[in-house]
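>>> When you get a sec, could you give me coordinates for this:
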Amino acid sequence: MIVEEIMKTKIITLSPEQSIYDAHKLMLQHKVRHLPVLNEESHLIGIVSDRDIRDAAPSILSNPTEQNHVLGNPVKTIMSTNLITGHPLDFVEEIGTVFYEHHISCLPIVQEHQLVGIITEIDLLHTLIELTGAHQPGSQMEIKAPNRAGVLNEITTVFRDHKANILSVLIYPNKKDNRFKIVVIRVQTINPTRLIIDLKQAGFETLWPNLPEINK
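Prediction:
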């Protein structure tokens, strides 16, 4: 999946001369936490977050004159300018790595120097739920499989023979033994007992659901 499939394209933006109060008002009105800042050529030059506004705003114990002065300052005085951006054709997995490594919660998407979209950590979480099929009714199974070519085909053959509809497949390393991997399959069935039995007969151990009477 690529970024342009999940990015938001209706973006609320600011000019650098708009006030901090304007930014705060727009965030409340549109229920967003980040506002890109564009110059006269519509190039991205900064981004303002709700945290930037909280850090800049005076305490509620401050006098009204000080509050009005700070909130009247232009957003260019508080915006972040050391920006990390993505491209519409980046893979979502790569973008997830960017969020993780740089501890960011928002990523502007730029193409040919123009802002074309924006992605937040909530967008990534929603995408993960869709990719794993967690929002659909079914059962999740975790299968311990040898780390060798063709093993996934052997596992899915068992599901095919049961005419069980696979909603998603994830594979990750077995941290306890690198000779194996963990295959996580979400399948459209409420009772996977027969699948577990046939997987065992095919030589695979089902870690979840853990049915001792079958796995022993």
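>>> Which helix or strand contains the most centrally placed residue in the chain?
For the chain, the residue nearest the mean C-alpha position is residue 124 (1.7 Å; Cα atoms, centre = their mean). Assigning secondary structure by DSSP states H and E places residue 124 in helix 121-132.
>>> next structured bit after that helix?
Downstream of helix 121-132, the first helix or strand assigned by DSSP H and E is strand 139-146.
>>> So for the helix or strand just after that following strand, mean pLDDT?
Counting by DSSP H and E, the element after strand 139-146 in chain order, helix or strand, is helix 151-161. Mean per-residue pLDDT for helix 151-161: 96.
>>> neighbouring contacts of helix 151-161?
Contacts of helix 151-161 with the rest of the structure, by Cβ atoms under 8 Å, 6 or more residues apart in numbering, involve 143, 145, 166, 169, 171, 181, 183, 185, 187, 195, 198-199, 202, 204. Where you see a C-beta, it was placed from the backbone N, CA and C, and this is true even at glycine.
>>> Ok, stretch 199-216 next?
Applying Cβ under 8 Å, 6+ apart, the contact partners of stretch 199-216 are 139-145, 154-155, 157-158, 182, 192-193, 196-197.
>>> buried residues in it?
Neighbour counts over stretch 199-216 (16 or more other Cβ atoms under 10 Å) mark 199, 200, 204, 206, 209 as buried.
>>> Which pair of those spans the longest distance?
Maximum pairwise distance in the buried residues of stretch 199-216, criterion Cβ to Cβ, is 13.7 Å, between 204 and 209.
>>> and the chain, what are its domains?
What the record gives for the chain is the domain set 3-129, 134-215, from automatic domain parsing.
>>> Below-threshold pLDDT in this protein: ranges please.
For the chain, residues meeting the criterion pLDDT under 70 lie at 58-68, 213-216.
>>> where exactly do the helices run in it?
Using DSSP state H, the helices assigned to the chain run over residues 20-30, 50-56, 64-71, 92-102, 121-132, 151-161, 193-201, 212-215.
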